[in-house]
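> Only the shape, not the letters, is given here:
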């Protein structure tokens, strides 16, 4: 059974995942790359070493953002959103970096691909690691969202509970109780 996700189900997918595909445009050529992200109900936050996607988004800030949750080929949910790139600086970049690090910390077990945002000294986008290229902290302002799903059985998707829309300071404050390596509190509130 194929169907459209409700607004609440779209939000649930965006909140629950941390890996997406980001599409940028260079003239008549599309460029799509996987990214890690954190979503706060208003914006998608990310960071990247300076490179092709940052160059393209600076030139043309219109982006497409795709996230999926796949159980198997007959049971999946997919969200596609369109919006615009905004490069962050100063305290806004610092808050976004902390929020992103808190969200991604449980998934950063790799020593070969560490989270590149060292928080204690982060007064803005920190110098790149391990490439040495500067890190850009950014957000995507999503202006349109659609979602589709497929279920192998004729049962509706589990009802989605719409999470509260929080922007970075509130979302970071709600981020939880245990302290991670950079002094960020991690895990569910309570």
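Yes, it's here. From a predicted model like this one, the values you see are computed outputs, not experimental measurements.
> so where does residue 148 fall, helix or strand?
Element membership for residue 148 (DSSP states H and E) is strand 135-150.
> ok, which stretches of the chain are strands?
Ranges of strands in the chain, per DSSP state E, are 2-4, 19-26, 29-36, 38-39, 43-49, 62-72, 75-87, 135-150, 178-179, 185-186.
> and the longest helix seen in the chain, which residues are buried?
Longest helix in the chain by number of residues, with DSSP state H as the criterion: helix 90-104. Using 16 or more other Cβ atoms under 10 Å as the test for burial, helix 90-104 gives 93-104. C-beta coordinates here come from the backbone N, C-alpha and C atoms, glycine included.
> remind me which residues of the chain are low pLDDT?
109-131, 154-190 (pLDDT under 70).
> 50 - rerun?
Along the chain, segments meeting pLDDT under 50 span 112-114, 116-128, 175-190.
> Let me know how buried residue 20 is, in neighbour terms.
Around residue 20 there are 22 other residues, counting by other Cβ atoms under 10 Å.
> hey, what's residue 36 bridged with?
Residue 36 has the following beta-bridge partners by DSSP bridges: residue 19.
> Tell me which residues touch it, please.
Going by Cβ atoms under 8 Å, 6 or more residues apart in numbering, residue 36 touches 18-20, 46, 100, 104, 107.
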